[in-house]
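Q: Got a predicted structure here, sequence first:
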Amino acid sequence: MGVNWRIIRPFDPWKSPLCTCPIKWTVNPYTGCGHGCLYCYASSYIKNFFDPRPKENLLVEARKDLLRIPRGSVIELSASSDPLQPLEDKYGLTYKIAQEILSRGFKILFTTKAPNKLLKYRDLLEKYRGRIAVAATITTLRSDLASILEPNAPLPHERLWGIEELAKLGIPVTVRVDPVIPLINDDPDELRRLIKEVARRGVKQITTSTYKVKPDNFKRIVSAFPNLRERLYELYYVEGEFMYGYRYLPKKFRLELMKIIREYALDEGLEFATCREGFVELHTKGTICDGSGYIRGGD
């Protein structure tokens with residue numbers, strides 16, 4: 001009989017064998033997310049995803065789970081619902097549970113599109129430096145495009161400021177260029193500019209991934225970019241491949257994109273990894289895809 005986890009659970013990438021994440025735990029202080037990202041995958045799995053709500057009894061239940069997790073483990077906030085989404089301004093649950101986790105000797109990987117908001121919690125960042133890492137998503141430097149793709153998330157310049165300030169505090173930051181969507185944010189010159197800019201801000205690693213189609217996110221994407229509907233359909237539904245519940249771009253197309261981004265990352269002296277692409281051979285040696293390697297030590 002398996003363990004009945006309450007709030008903090010072993011990370012499960014929806015059974016995808018392409019996931020290269022090492023063992024970690026994950027907790028979502030909120031169910032659903034208010035950023036409204038068109039490409040979101042979690043909306044396929046979580047009911048009423050774009051109507052976010054706080055988890056009930058979060059701290060009480062989390063304390064029980066923490067008693068059963070090995071001390072020093074990495075706990076990710078969050079794998080599906082952004083921990084620093086707009087609801088955090090009202091409820092502060094991410095701050096409260098982060099205090100609980102860190103004060104009990106665990107490590108935290110913050111995965112977010114709002115690294116700038118994490119700067120409100122400088123007390124945690126400074127007190128527990130060495131046990132906190134951040135993976136911040138930046139899909140484009142263009143504010144006009146980001147406003148379409150991620151309508152309620154901080155704009156690119158806000159995220160850039162956030163990652164720079166985090167780096168100054170000694171917090172290791174990975175930037176997730178994720179997802180790369182063909183014909184939308186895959187322009188090589190723009191990708192190069194993005195990677196040069198984040199490298200200048202003190203980022204340590206680039207992790208990237210191509211857009212993977214689920215029926216609901218595809219509908220949102222082509223509604224926002226109707227002129228691309230036909231070509232995107234061809235790429236994913238005709239030329240692409242179906243793997244582990246998602247429609248992927250053709251393998252050759254994906255590989256070339258990943259190689260381009262890898263080249264740009266290495267040119268800037270950054271570590272590189274991909275996410276659920278199946279191209280582990282492209283990863284720089286010893287690099288952990290989720291960005292948690294900087295706080296794992298020898299574990």
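A: Right, received. Where do you want to start?
Q: what's around Gly72, how many residues?
A: Neighbourhood size, Gly72 [other C-beta atoms under 10 Å]: 13. In this view, the C-beta of every residue, glycine as well, is placed from N, C-alpha and C.
Q: next one: phi and psi at Arg53?
A: phi -150, psi 150 (degrees, to the nearest 10).
Q: Tell me the pLDDT of the residue positioned nearest the centre of the chain.
A: Nearest to the geometric centre of the chain sits Thr111, at 4.8 Å (C-alpha atoms, centre = their mean). As predicted, Thr111 sits at a pLDDT of 98.
Q: That one should be in a strand, yeah?
A: Yes. Looking at Thr111 with DSSP: H, G, I helix; E, B strand; the rest coil, it is inside a strand.
Q: Tell me the buried residues in stretch 23-40?
A: Going by neighbour count (16 or more other C-beta atoms under 10 Å), the buried part of stretch 23-40 is 24-40.
Q: quick one on the thing from earlier: contacting residues around the residue nearest to the centre of the chain?
A: The contact partners of Thr111, taken as C-beta atoms under 8 Å, 6 or more residues apart in numbering, are Glu76, Leu77, Ser78, Ala79, Asp82, Pro83, Val134, Ala135, Thr137, Arg176, Asp290, Gly291.
Q: tally of neighbours for Pro10?
A: 13.
Q: tell me the phi and psi of the nearest residue to it once chain neighbours are set aside?
A: Sequence neighbours aside, Trp25 is the residue nearest to Pro10 in space, at 6.0 Å (criterion: C-beta to C-beta, 6 or more residues apart in numbering). Note on Trp25: its backbone torsions stand at phi -120, psi 160 [degrees, to the nearest 10].
Q: who touches Trp25 in this structure?
A: Residues in contact with Trp25 (C-beta under 8 Å, 6+ apart) are Ile8, Arg9, Pro10, Phe11, Ile69, Ser73, Val74, Ile75, Glu76.
Q: Just give the strands next to the biggest strand by length in the chain in its sheet, each with its orientation.
A: Assignment by DSSP state E gives strand 173-180 as the longest strand of the chain. Under the criterion DSSP bridges, strand 173-180 sits next to strand 132-137 (parallel), strand 205-210 (parallel) in its sheet.
Q: can I get those in JSON lines with distance to Phe49?
A: Shown next, in JSON lines, are the strands paired with strand 173-180 (distance: least, C-beta to C-beta, whole Å):
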{"stretch": "strand 132-137", "distance to Phe49": "17"}
{"stretch": "strand 205-210", "distance to Phe49": "19"}
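Q: Format those strands as CSV; extra columns: distance to Tyr45, mean pLDDT and mean neighbour count.
A: CSV is the format used below for these (distance: least, C-beta to C-beta, whole Å; pLDDT from 0 to 100; neighbours: other C-beta atoms under 10 Å):
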stretch, distance to Tyr45, mean pLDDT, mean neighbour count
strand 132-137, 18, 98, 24
strand 205-210, 17, 98, 25
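Q: Of these, which is nearest Ser44?
A: Proximity to Ser44 (C-beta to C-beta) singles out strand 205-210 among the strands paired with strand 173-180, at 16.0 Å.
Q: Give me the buried stretch members for the helix ranked longest in the chain, please.
A: Secondary structure of the chain per DSSP state H: the longest helix is helix 251-267. Under the neighbour-count criterion of 16+ other C-beta under 10 Å, helix 251-267 has Phe253, Arg254, Leu255, Leu257, Met258, Ile260, Ile261, Arg262, Tyr264, Ala265 buried.
Q: quick one: contacts for the first one?
A: Remark: with contacts taken as C-beta under 8 Å, 6+ apart, Phe253 is in contact with Pro182, Leu235, Glu239.
Q: now the third one
A: Residues near Leu255 by C-beta under 8 Å, 6+ apart: Phe279.
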